[in-house]
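[1] based on what follows, work out the 3D shape:
(one chain, ligands or ions: 2)
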Amino acid sequence: MDAKPTILVAEKLGEAGLDLLKGFANVDCSYNLSPEELCTKISLCDALIVRSGTKVSREVFESSGGRLKVVGRAGVGIDNVDLAAATEHGCLVVNAPTANTVAAAEHGIALLTAMARNVAQADASIKAGKWQRSKYVGVSLVGKTLAVMGFGKVGTEVARRAKALGMHIIAHDPYAPADRAHAIGVDLVSFDEAIATADFITLHMPLTPATSKILNDENFAKMKKGVRIVNVARGGVIDEDALVRALDAGIVAQAALDVFTIEPPPQDSKLVNHENVTVTPHLGASTTEAQEGVAIEIAAAVVGALRGELAATAVNAPMVPSEVLTELKPYVTLAEKLGRLAVQLVAGGSGVNAVKVTYTSARAPDDLDTRLLRAMVTKGLIEPISSVFVNLVNADFTAKQRGIRISEERVILDGSPQKPLEAIRVQIANVESRFASAISDSGEIKVEGRVKDGIPRLTKVGDYGVDVSLEGNIILCRQVDQPGLIGAVGSILGEENVNVSFMSMGRTAPRKQAIMTLGVDEKPSKEALKKIGDIPAVEEFVFLAL
Ligand SMILES: NC(=O)C1=CN([C@@H]2O[C@H](COP(=O)(O)OP(=O)(O)OC[C@H]3O[C@@H](n4cnc5c(N)ncnc54)[C@H](O)[C@@H]3O)[C@@H](O)[C@H]2O)C=CC1
Ligand SMILES: O=C(O)C(=O)COP(=O)(O)O
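    Ligands and ions are numbered 1, 2, ... in the order given. Model prediction:
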């Protein structure tokens, strides 16, 4: 079997990105696949890279048979990817959100200026043998009000450039910070104010259920007569039939569009063929420079994701900056191991439904992102008892689907917040345990761990203090504390050639009950485990694989 992953590149990608991919994986560049062909091919692929021209539908994820781990969108908009289906299938979606920002902004400005001066129409006219100087008198931009709808990366760059053209800029974006707008001399205003006062409107928001057809008959009616509209965002944010009506009524004097609800638009589209409309075939990101940048950005993200690194540009998983990730790494392992341990302590037959994770830390709650830790506890809880592959993408979904409610609690410590966490505790309520001592006084299975010298360690089982590193396999054993017991257990394992890697003893008081924790490299046979159980002082014991 080929150990290299296979990456299907379904749309043209810059060479530098392809080279990066080829250094790591088998790369299949197959362009213009039909939906059926894509579904057939996908079961042989670990990753898929697309631009805006490929629909990555639920069927694609269903057809992948669980092999598809990453979808890379070589660009910004991910409205062509069924994110819910990706998440349900544990497939990470990453995009390349920065490399084409300037290209899209420059295209917005190109359309704005070309529209105002009838460049496309005049060009077509002269090539048709005409010389129509009075027909193509334009309008000036200087001193006019431009409303930037969506003040994100592209919107901001458009605003900067339009300012340099002498325009007055207002912006509408319910989620953008006002100080970022003020910093470049832009006022954030309400939607209605923006569309009612603008001479020019430029669209830069994503296509979402909330923005779908946001420019519709009702909103065109609120606009200044003679307004001009630029769209390099997504066709679907405009009700295209309503725009034709607004153009015919003279409410909208002109429109310049790079994007359409259906791409390519039908040849007889009234909108595309309207004499006051300038169109380009979704060229916003199409500069040599942007495509090289996007290709590298997406290739690096996809390769990183296939290597199991957490992508900084993940769309359907929490984005974890790399410095946070490095800091949390041992705690991530700790969280998963505690989940694995806790679920294996549950007696067969009792369903896990209420899990509480407690983080003890000197950090303020908003200074510690626990989503990653919660996902890893979930992975630890679910993977030993099912065939589901759980990752950061599908952890919450999978837990919910299995009826597991995971609540989180923070215990804030006094002291230095230098260390992200002091301890993580996992409690499972309403269950019985295979190891009764794991049930705490409050009635839940409880395990707690800490990171010491970078190594995750188990520090509490039930109400017993223990101290063992969380690796390999563990035997937990409760006995009456007495001399000779460690030797007895050690020799049973020795006879079986099972290597004991560590041992710790936690007791309530001398010669009372104690919990012995043994780390073993191999799994002891059933007979050996039975022999341990038969030692008279041993009250109960359990073998746990980490
Ligand atoms: N034509 C082309 O080739 C290209 C198109 N795009 C499209 O441009 C758009 C913007 O891209 P970026 O600036 O990179 O994304 P971004 O995520 O940086 O910015 C989008 C902004 O829209 C805002 N927004 C969300 N809902 C809104 C609403 N209801 N009203 C107003 N604002 C809202 C967000 O708060 C955000 O600030 C996307 O739709 C993207 O797909 C981007 C690159 C190239
Ligand atoms: O990045 C985006 O959102 C774009 O619209 C660019 O799309 P494209 O990669 O050129 O198909």
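[2] you'd agree Thr87 is in a helix?
    Yes: assessed by DSSP: H, G, I helix; E, B strand; the rest coil, Thr87 belongs to a helix.
[3] how near is it to Gln401?
    The gap separating Thr87 from Gln401 is 11 Å, by C-beta to C-beta, to the nearest Å. C-betas here are computed from N, CA, C, even on glycine.
[4] okay, the two: which has more neighbours?
    Neighbour count, other C-beta atoms under 10 Å: between Thr87 and Gln401, Thr87 has more, with 21 against 12.
[5] my guess is that one contacts Lys400, does it?
    No: contact criterion C-beta atoms under 8 Å: Thr87 and Lys400 do not qualify, at 11.3 Å.
[6] and the residue of the stretch 101-250 of the chain that's closest to ligand 1?
    Nearest to ligand 1, among the residues of the stretch 101-250 of the chain, is Gly152, at 1.7 Å (C-beta to the nearest ligand atom).
[7] from Val480, how far off is that residue?
    From Gly152 to Val480 the distance is 66 Å (C-beta to C-beta).
[8] more neighbours: which of these two?
    More crowded of Gly152 and Val480, by other C-beta under 10 Å: Gly152, with 18 against 14.
[9] which stretches of the stretch 301-450 of the chain form strands?
    Remark: strands assigned in the stretch 301-450 of the chain by DSSP state E, counting those that start in this stretch are 354-361, 405-412, 423-429, 445-452.
[10] give me the contacts around the worst-scoring helix or strand of the chain on mean pLDDT.
    Of all helical and strand segments in the chain, the minimum by mean pLDDT, DSSP states H and E falls on strand 500-507, at a mean of 80. For strand 500-507, the external contacting residues (C-beta atoms under 8 Å, 6 or more residues apart in numbering) are 464-469, 471-472, 481, 486, 490, 493, 513-521.
[11] try 6 Å this time
    Applying C-beta atoms under 6 Å, 6 or more residues apart in numbering, the contact partners of strand 500-507 are 464-468, 472, 481, 493, 514-521.
[12] same check, this time on stretch 238-254
    With C-beta under 6 Å, 6+ apart as the test, stretch 238-254 has contacts from 115, 213, 215-217, 220, 223, 225-229, 261, 270-271, 274, 276.
[13] that one: end-to-end distance?
    One end of stretch 238-254 to the other measures 14 Å (C-alpha to C-alpha, to the nearest Å).
[14] for stretch 85-102, same thing?
    For stretch 85-102, the first-to-last residue distance is 31 Å (C-alpha to C-alpha).
[15] and what of stretch 297-313?
    9 Å.
[16] rounded mean pLDDT for that stretch, please.
    Averaging pLDDT along stretch 297-313 yields 87.
[17] in that stretch, what's buried?
    Across stretch 297-313, burial judged by 16 or more other C-beta atoms under 10 Å covers 297-306, 310-311, 313.
[18] and those near ligand 2, which?
    Among the buried residues of stretch 297-313, not one lies near ligand 2 by C-beta under 6 Å from any ligand atom.
[19] can you pull the pLDDT of the closest residue to ligand 1 within the stretch 251-400 of the chain?
    Residue nearest to ligand 1 within the stretch 251-400 of the chain: Gly284 (2.4 Å; C-beta to the nearest ligand atom). According to the prediction, Gly284 has pLDDT 98.
[20] okay but it is in contact with Val232, surely?
    Yes: assessed by C-beta atoms under 6 Å, Gly284 is found in contact with Val232 at 4.5 Å.
[21] give me the common contacts of the two.
    Common neighbours of Gly284 and Val232 (criterion: C-beta under 6 Å, 6+ apart): 104, 107, 258.
[22] doesn't Leu146 make contact with Met167?
    Yes: counting by C-beta under 6 Å, Leu146 is a contact partner of Met167 at 4.6 Å.
[23] which one of these two is surrounded by more residues?
    Between Met167 and Leu146, Leu146 has the larger neighbour count (other C-beta under 10 Å), namely 25 against 20.
[24] quickly find the element holding the more buried one.
    For Leu146, the element it lies in under DSSP states H and E is strand 145-149.
[25] which positions in this structure make contact with ligand 1?
    For the chain, the residues in contact with ligand 1 (C-beta under 6 Å from any ligand atom) are 76-77, 97, 100-101, 104, 149-155, 172-176, 204-207, 210-211, 232-234, 258-259, 282, 284-285.
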